[in-house]
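1. A predicted structure for the sequence below; I have some questions about it.
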Amino acid sequence: MSRVMTPDLPIPHLPARKRRVPVTAAFAAERETIATLEGPVVADTGDAIVTADSGEVWPVARAIFERRYEALPPTVMGEAGQYRSLPWSVRVVQFDRAASVPVSGGRSRLTGKPGDWLVDYGDGTLGVIAPAIFAATYELEDPAGKDGLQNA
């Protein structure tokens, strides 16, 4: 495990990978606050407002969205419609206590409960994900690099 420092939590992270998951996205016409499961998060004009099949909603900065999601035809990138997350490697740790972490740019803070997962996307952004959502959308990688991926 490598050690990644967050403002509140100096903790070791495990390697994981985002699964390909279908979502619906719209794009903010103006700055707005989105009520996520982990707390309110500010979306700037043009940011993607992503909705999962479970109904969970979260904003993603436009530039990050374009790197982490692909449009599903007939949707065109940047237009409201159907998308799918791309698989990418992340670092994760499961909270053993309540904690909060800043959202990129310091626009908001996410609050996690014991059992929630902290995700370090490797580009300066962090996320907090409930256990059931994490299990459906991420896979833990074998830290020894053997046998590929394993389910969370």
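-> Sure thing, it's come through.

2. look up the residues forming beta bridges with the residue nearest in space to the middle of the chain.
-> Among the residues of the chain, the one closest to the centroid is residue 127, at 4.9 Å (CA atoms, centre = their mean). Counting by DSSP bridges, residue 127 forms beta bridges with residue 119.

3. let the chain start at 529 from now.
-> I'll keep to 529 as the first residue from here, and by that count the last item is residue 655.

4. got the confidence number for it?
-> Here the pLDDT value assigned to residue 655 is 88.

5. list the residues that contact residue 651.
-> With contact set as CB atoms under 8 Å, 6 or more residues apart in numbering, residue 651 has these partners: residue 592. Placement of C-beta: from N, CA and C, glycine included.

6. so it lies in a strand, does it not?
-> No. Counting by DSSP: H, G, I helix; E, B strand; the rest coil, residue 651 is not found in a strand; it is coil.

7. and the helix or strand that contains residue 569, which strands flank it?
-> Assigned by DSSP states H and E, residue 569 belongs to strand 567-571. Here strand 567-571 is paired, per DSSP bridges, with strand 560-564 (antiparallel).

8. what's the first helix or strand after the strand holding residue 569?
-> strand 576-580.

9. what residues does that following strand touch?
-> 549, 551-556, 562, 571, 585-590, 593, 597, 611, 661, 665.

10. drop anything exposed from the residues you listed.
-> 549, 551-553, 555-556, 562, 571, 585-590, 593, 597, 611, 661, 665 (16 or more other CB atoms under 10 Å).

11. re the thing from before, which of the contacts of strand 576-580 fall within helices?
-> Of the positions in those, 590, 593, 661, 665 sit in helices, assigned by DSSP state H.

12. residue 624 should be in a strand, yeah?
-> No. Using three-state DSSP, the assignment for residue 624 is coil, not a strand.

13. thanks a lot, see you next time.
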